[in-house]
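Q: Fold the stuff below for me.
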Amino acid sequence: MLIAAAVCPCPPLLVPEIAAGAAPELDGLRAACAEAVRALAAARPERLIVVGPAERAGRGPHAQGAAGSFRGFGVEVEVRLAAPAAADGASGGDDAGQGPSPSLPLSLAVAAWLLEHAGWDPAVPVEGLGVGEPLAAERCIEVGRELAGRAERMALLVMGDGTACRTLKAPGYLDERAAPFDAEVARALAAADTGALAALDEELAYELKAAGRAPLQVLAGAAEGAPLKGELRYDEAPYGVGYFVASWSS
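A: Presented below is the predicted three-dimensional model:
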């Protein structure tokens, strides 16, 4: 049964080394994410599953300790999913072939970074699961129901951005439908409204480049019937992309 959930965005700019001189601009977002992860830990789950957008090759599942890398962004930052960096004597793989090759999709690599910097206890089992953008709402909900049944005290860390069309300089340019879409997501997260998340329009989400639609609908399925309350910790659109941080708890 799902006893707690956290929702966080997954831009690589959350990693300060990538953001470089712009890092302070997202300090508030990083702090909100850290608070949400710590709230998950405080719920004392038996298992945590991290869910985020992924291309087909990176959907997993990904075991605890799976490696991720941000080398594609020009920084030597590597992560492990909820495991000490030197768990097997390596930092996650390098050119010499030491350690496992990075396998985590970007969204789960960002989650791994968040878990590490929020001080997640690696003794709590963690698994990563990527979901594809085209996954139908009905299937997302089925996946969520299945995940919720894996333990009596299950928690989810749901990674995903809102629309990318909030301003003229946004990745998807300005679309007047974006702000209302994000406002409904924020309202649903604040109210722990699973029905509203399940009802998100798949086609509209695709047109607005809302990469978090499928993971949020997995959350909707996992939380069905669970007596959870919502708290919206962050709702802003820096760089024209909707970012939400929320906590659901009993």
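Q: In contact with the residue positioned nearest the centre of the chain, which residues?
A: By CA atoms, centre = their mean, the chain has its centre lying nearest to Met159, at 1.2 Å. Residues in contact with Met159 (CB atoms under 8 Å, 6 or more residues apart in numbering) are 7-10, 50-53, 107-108, 110-111, 212, 215. No exception for glycine: its C-beta is placed from N, CA and C like everyone else's.
Q: try 6 Å
A: Neighbouring residues of Met159 by CB atoms under 6 Å, 6 or more residues apart in numbering: 8, 10, 52, 107, 111.
Q: Nearest spatial neighbour of it, chain-adjacent residues omitted?
A: Gly52 (3.4 Å; CB to CB, 6 or more residues apart in numbering).
Q: Partner strands of the host helix or strand of the one you found, with direction?
A: Using DSSP states H and E, the element containing Gly52 is strand 47-53. Applying DSSP bridges to the sheet, strand 47-53 is found paired with strand 126-131 (parallel), strand 154-159 (parallel).
Q: So which of those strands is the most surrounded?
A: Mean neighbours per residue, mean count of other CB atoms under 10 Å, is largest over those for strand 154-159, with a mean of 27.
Q: circling back to that earlier point, report the rounded mean pLDDT for the strand holding Gly52.
A: The pLDDT scores in strand 47-53 average 97.
Q: Strands along this structure, start to end?
A: 2-8, 47-53, 67-69, 78-80, 126-131, 154-159, 229-236, 243-249 (DSSP state E).
Q: Between these, which one is closest to Asp175.
A: Among the strands of the chain, the nearest to Asp175 by CB to CB is strand 243-249 (16.8 Å).
Q: Please name the strands paired to that closest one in the sheet, noting orientation.
A: Strand pairing (DSSP bridges) places strand 243-249 next to strand 2-8 (antiparallel), strand 229-236 (antiparallel).
Q: which of those is buried the deepest?
A: strand 2-8 (a mean of 28).
Q: Let's test this: mean pLDDT of it, rounded?
A: Per-residue scores along strand 2-8 average to 98.
Q: can you offset everything so residue one is 33?
A: Taking 33 as the first residue, the last one we looked at is strand 34-40.
Q: Quick one: distance of the strand holding Gly84 to the chain centre.
A: Relative to its chain's centre, strand 79-85 lies at 7 Å (CA atoms, centre = their mean, to the nearest Å).
Q: okay, how far is it across stretch 138-157, tip to tip?
A: The first and final residues of stretch 138-157 sit 21 Å from each other (CA to CA, to the nearest Å).
Q: Centre of the chain to the lengthiest helix in the chain, how far?
A: The longest helix of the chain (DSSP state H) is helix 59-74. Put simply, helix 59-74 sits 12 Å off its chain's centre (CA atoms, centre = their mean).
Q: just checking, what packs against it?
A: Identification of packing neighbours for helix 59-74 by 3 or more CB pairs under 6 Å, 6 or more residues apart in numbering; DSSP states H and E yields strand 34-40, strand 261-268, strand 275-281.
Q: In TSV, list these along with distance to Gly176.
A: Shown next, in TSV, are these (distance: least, CB to CB, whole Å):
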stretch	distance to Gly176
strand 34-40	8
strand 261-268	16
strand 275-281	12
